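J.: For reference, the sequence and a predicted model appear below.
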Amino acid sequence: MIVNHIDTPGYEAVPWTVPATREEAGVIHVLATLPEYHHRGFGKQLIAGAIELSREAGLKVLRLDMLTYNWRGRKLYESCRFKLLGTFPLHYQLLGTADLDLFELALQHLFEPALQRFRPQSRVETGNYSRFPPLRSTA
């Protein structure tokens, strides 16, 4: 997963609900897990980490786009309180112009209890001694 300030042609035409400059908005790219790791909470941990680090960096909003038929992604983003703004034509060099679903999450209105349900606990607290430890901020 990558979070940066780089959007793609077409973002400027989207009616974003959170006014933000390019420097105040984070854009999530390439959030993916291998199929054998689906339904284990790794996607939510990645999103929680992106939210936490973006808030610490002073960003106002996180945005992302996804293919319209990505029902797993839609379910994940909506469960993490991202709002679907609609389907818009965007242009990517490798994809060309395609209709993609765009999501947005206002960071200023998220309070700590809302984030807590996505933040991984320690393996001792959860009793989860799996091979992969919870994701942590490196800051």
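T.: Perfect, I can see it now.
J.: for the chain, which spans come out with low pLDDT?
T.: In the predicted model, the chain carries pLDDT under 70 at residues 109-139.
J.: Can you show me the strands along the chain?
T.: Assigned by DSSP state E, the chain shows strands spanning 2-4, 25-29, 61-67, 83-92, 96-106.
J.: ok, residues contacting the last one?
T.: Strand 96-106 has contacts (Cβ atoms under 8 Å, 6 or more residues apart in numbering) with 10-11, 14, 16-18, 51, 60-68, 70, 74, 77, 80-92. Any C-beta I mention is one placed from the backbone N, CA and C, and that applies to glycine too.
J.: which parts of stretch 99-112 are buried?
T.: Of the residues in stretch 99-112, 100-107, 110 count as buried by neighbour count, 16 or more other Cβ atoms under 10 Å.
J.: Would you pull up how far that stretch lies from the middle of the chain?
T.: Mean C-alpha position of stretch 99-112 versus that of the full chain (Cα atoms, centre = their mean, to the nearest Å) differs by 8 Å.
J.: ditto for stretch 35-44
T.: In terms of Cα atoms, centre = their mean, the centre of stretch 35-44 is set 14 Å apart from its chain centre.
J.: Give the buried residues for that stretch.
T.: Within stretch 35-44, the residues that qualify as buried by neighbour count (16+ other Cβ under 10 Å) are 42-44.
J.: likewise stretch 72-86?
T.: Across stretch 72-86, burial judged by 16+ other Cβ under 10 Å covers 73-74, 76-77, 80-82, 85.
J.: quick one: which of those is nearest Gly26?
T.: Out of the buried residues of stretch 72-86, the one with the shortest distance to Gly26 is Phe82. That distance is 12.1 Å, counting by Cβ to Cβ.
J.: surely the closest one meets Leu64?
T.: Yes - Phe82 lies in contact with Leu64 (Cβ atoms under 8 Å); the separation is 7.2 Å.
J.: For the longest helix anywhere in the chain, name the packing helices and strands.
T.: Secondary structure assigned by DSSP state H gives helix 42-56 as the longest helix of the chain. Using 3 or more Cβ pairs under 8 Å, 6 or more residues apart in numbering; DSSP states H and E as the contact test, the elements touching helix 42-56 are strand 2-4, strand 25-29, strand 61-67, helix 71-79, helix 112-116.
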